[in-house]
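Peer 1: Got a predicted model here, sequence first, then my questions.
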Amino acid sequence: MRILLAGATSALGHATASALLAAGHHVIAVGSNADRLGLVDASERFECDLADFEAVTALAAEVGELDGLVHLVGGWRGGGGLAGQSDVDWAWLERRVVGTLRNTTRAFAGAIGRSDAGVIAIISSTGVERPTAGNANYVALKAAAEAWLAAVGHELRNTPARTVAKRVKALVSDADRAAQPDRDFAGHTDVRELAAELAAEFAPSPSFD
């Protein structure tokens, strides 16, 4: 299957690209930093500002047919209660969490809907279930991303394609553990574990004779 990773240069992006390649998929890695993108193990790599809809539509024309989109663009800003939920942080998060998801799904949903087993997956937050004042900007936008994904699912309702939202509290990688050896990462999800879950979403369904 041809699967596009939006925001492929994070630790999760690296792990997911490797997991999908190991499963035999064609991985199209997309990111905004050419140097970091070159380090991702992928079948193809494209530099693109996913917050720019014109750039994303041009990318879609170049990529062509697609079976899956894994949206990994994220980031976190918060703290300080409601008074700490600044407009600057809101704008930064909205551009990344919701803006890039809107652009990529509008550009690629049509191709994925034509696939026999298309999947669009996002990473969300368990904080959506229990919002806090210090996380208000972040979880509000994660909830908006889930709502947008549900609308994408409605668009694809008459196709074989489906949508998936994976909720995690926080992520951790080997690099994180090495950088903070005394930190307790309890409750964090290892990027390799989540990558394996994402790759499993693209496993072919068993056939029965």
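Peer 2: Yep, it's here. Residues are numbered from 1 along each chain as shown.
Peer 1: Give the helix, strand or coil label for residue 74.
Peer 2: Secondary structure for residue 74, judged by DSSP: H, G, I helix; E, B strand; the rest coil, is coil.
Peer 1: contacting residues for it?
Peer 2: 7, 10, 96, 97, 123 (C-beta atoms under 8 Å, 6 or more residues apart in numbering). C-beta coordinates here come from the backbone N, C-alpha and C atoms, glycine included.
Peer 1: The third one contacts residue 73, correct?
Peer 2: Yes - using C-beta atoms under 8 Å, residue 96 is in contact with residue 73, at 5.3 Å.
Peer 1: Those two - which one has more neighbours?
Peer 2: A count of neighbours by other C-beta atoms under 10 Å puts residue 73 above the other of residue 96 and residue 73, at 28 against 19.
Peer 1: what about the residue nearest to the more buried one when sequence neighbours are not counted, how many neighbours?
Peer 2: For residue 73, ignoring the flanking residues on the chain, the nearest one in space by C-beta to C-beta, 6 or more residues apart in numbering is residue 7 at 3.5 Å. Residue 7 has 23 neighbouring residues, counting by other C-beta under 10 Å.
Peer 1: what does the model give residue 7 for pLDDT?
Peer 2: Note on residue 7: pLDDT of 95.
Peer 1: pLDDT on the longest helix along the chain, on average?
Peer 2: Identified as the longest helix of the chain according to DSSP state H is helix 136-155. Average pLDDT, helix 136-155: 98.
Peer 1: can I assume the residue nearest to residue 73 is in contact with residue 72?
Peer 2: Yes - between residue 7 and residue 72 a contact is recorded at 4.0 Å, counting by C-beta under 8 Å.
Peer 1: Give me the common contacts of those two.
Peer 2: With C-beta under 8 Å, 6+ apart as the test, residue 7 and residue 72 both reach residue 13.
Peer 1: which ones are touching the residue nearest to residue 73?
Peer 2: 13, 30, 31, 50, 71, 72, 73, 74, 100.
Peer 1: And those, which is the shakiest by pLDDT?
Peer 2: By pLDDT, residue 74 ranks lowest within those, coming in at 89.
Peer 1: could you pull out the helices for this protein?
Peer 2: 11-22, 34-37, 53-63, 87-93, 100-113, 136-155, 174-179, 191-200.
Peer 1: CA atoms only for the shortest one, dumped as CSV, please.
Peer 2: Same thing as helix 34-37. The C-alpha coordinates for helix 34-37 follow below in CSV (Å, rounded to 0.1, in the frame of the first residue of the first chain):
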residue,chain,number,x,y,z
ALA,A,34,14.9,18.9,4.1
ASP,A,35,17.8,17.9,6.3
ARG,A,36,15.7,16.2,8.9
LEU,A,37,13.6,14.6,6.2
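Peer 1: Packing partners of it?
Peer 2: strand 26-31, strand 44-47 (3 or more C-beta pairs under 8 Å, 6 or more residues apart in numbering; DSSP states H and E).
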